[in-house]
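>>> Here's a sequence, model it:
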Amino acid sequence: MEIFLHADTWIALVTLTFLEIILGIDNIIFISITANKLPKEQIKKATLLGLALAMITRILLLFSISYLIAMKDPFWEVDLGWFKTALTGQSIILFLGGLFLLYKSTHEIRQKVEHTNEDDVLKTPKVISFQSVIIQIILIDIVFSFDSILTAVGMTNGINGALMIMIFAVIISIVIMMIFSNPISNFVNNNPTIQMLALAFLILIGFMLITEGAHLSETRIFNKTVGVIPKGYLYFAIAFSLGVEMLNLKSRKK
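Sure, this is the predicted structure:
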């Protein structure tokens, strides 16, 4: 615990906690949308359980950091002339996670677009099982956890006691998200336009994960390398869109 006597440790802890919360907002939104398919009395239970599973997933991944770092070594190379790639464990996980996000987001958007009559939606019985929702939440937890852990590892590289700092940051961020999960869930579920915007954000994040996976595997298409979409650009676009939607909600209320 001597590491917490240094100022650098506290700066890293605050920075990582903030990062985990920012990266976890999308996780909360997805959990809220998925849990909303359950009967009302089970929604809060599913949301809190989903966040608890997210914390456990992140901590388990942190304890296997050495294995995760080793997964950056390529194990299979493909060379078709116009297409070249060297597949790694990290790139495959990010690529499959991105595809999963694209599929779930577009599927949810399609359902919401098809159910245009709000009365019919309210009268439709919620037949999805609790176990099915939890499985979906576990899958999305793994996707978001893997991306956030790789980012955290990059930020704390060279800092003494980095593993302990990251574990504390994960626990603090998840506890904060649990406290505010109910208001966020109610806000998202009570505003259909926010749901649609959140699903659109998940499509962007899914596409970002796919490009990041392609970049890690050094993919080249027609001798052009696949670059990484800077997370700062993506989150600025999300914040800007959310700000515009807040103005729309305020004007509609008036």
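>>> the helices in the stretch 151-254 of the chain, which residues?
Assigned by DSSP state H, counting those that start in this stretch, the helices in the stretch 151-254 of the chain fall at 162-190, 192-216, 231-253.
>>> Quick one: distance of the longest one to the chain centre.
The chain centroid and the centroid of helix 162-190 are separated by 12 Å under C-alpha atoms, centre = their mean, to the nearest Å.
>>> angle of it against helix 192-216?
Using axes from the mean of the first three to the mean of the last three C-alpha atoms, to 10 degrees, the inter-axis angle of helix 162-190 relative to helix 192-216 is 150 degrees.
>>> Let's check: the centremost residue of this structure is which one?
A centroid search over the chain (C-alpha atoms, centre = their mean) returns Phe144, at 3.5 Å, as the residue closest to the centre.
>>> Quick check: which of the helices of the stretch 151-254 of the chain is buried the most?
With neighbours taken as mean count of other C-beta atoms under 10 Å, the helices of the stretch 151-254 of the chain reach their highest mean count in helix 192-216, at a mean of 19. Every residue, glycine included, has its C-beta placed from N, CA and C.
>>> For stretch 210-225, which outside residues touch it?
With contacts defined as C-beta atoms under 8 Å, 6 or more residues apart in numbering, stretch 210-225 is touched by 72, 74, 82-88, 90-95, 98-99, 102, 147, 226-229.
>>> just checking, which of these belong to helices?
Counting by DSSP state H, the contacts of stretch 210-225 place 90-95, 98-99, 102, 147 in helices.
>>> what's the distance between the residue of the chain most remote from its centre and Thr88?
No residue in the chain sits farther from the centre than Gly81, which is 34.4 Å out by C-alpha atoms, centre = their mean. For Gly81, the distance to Thr88 equals 21 Å [C-beta to C-beta, to the nearest Å].
>>> now swap in Val14 and tell me
32 Å.
>>> Please identify which of the two sits among more neighbours.
Thr88 (20 against 12; other C-beta atoms under 10 Å).
>>> With that, I have no additional questions.
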